[in-house]
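*Asks:* Make a model of this:
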Amino acid sequence: MTRNSAPPPTPVTVEIEDVTPPAAFEHLADALAALWGSLRTLPLGATQHDAYQYFLTRPNAVQRVTEHLDRDGELVLSFRMEGRLHGVSIRPTKG
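*Replies:* So this is what the prediction gives:
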């Protein structure tokens, strides 16, 4: 990769447990935008809403999630809705 070239795509699969089926994206930035688009419509409450908005939309979100994926192989977050926990997963797409 040259100094001014874009980073290679990071194909990932994202899912919101019991809310959305797994969805594959070629670029991590697109996956994070789609996750935020889905999460922001849910009745999360102000604290969870603000936390997910910050995590998924801040300027270095792709970098931070990439660091988690490189270190742990996947990123799993959770939120409480209607009395139960739901997982939000981001993982490299296999294949």
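*Asks:* Next, find the distance separating the residue nearest the centre of the chain from E82.
*Replies:* Taking C-alpha atoms, centre = their mean, the centroid of the chain lies closest to L32, which sits 4.4 Å from it. L32 sits 24 Å away from E82, taking C-beta to C-beta, to the nearest Å as the criterion. Bear in mind the C-beta positions are built from the backbone N, C-alpha and C, glycine included.
*Asks:* the helices in this protein, which residues?
*Replies:* Assigned by DSSP state H, the helices in the chain fall at 28-39, 46-57, 61-72.
*Asks:* what about the longest strand anywhere in the chain, average pLDDT?
*Replies:* When the chain is parsed with DSSP state E, its longest strand is strand 84-92. If you average the pLDDT over strand 84-92, you get 95.
*Asks:* Check the offset of it from the chain's centre.
*Replies:* Centre-to-centre, strand 84-92 and its host chain are 9 Å apart (C-alpha atoms, centre = their mean, to the nearest Å).
*Asks:* Excluding sequence neighbours, find me the nearest residue to P43.
*Replies:* Spatial nearest neighbour of P43, chain neighbours left out: M81 (6.3 Å); criterion: C-beta to C-beta, 6 or more residues apart in numbering.
*Asks:* Just give the number of residues close to the one you found.
*Replies:* Using other C-beta atoms under 10 Å, the number of residues around M81 comes to 16.
*Asks:* Would you agree it is in contact with L42?
*Replies:* Yes - under the criterion of C-beta atoms under 8 Å, M81 makes contact with L42 at 6.1 Å.
*Asks:* Sweet, I'm off.
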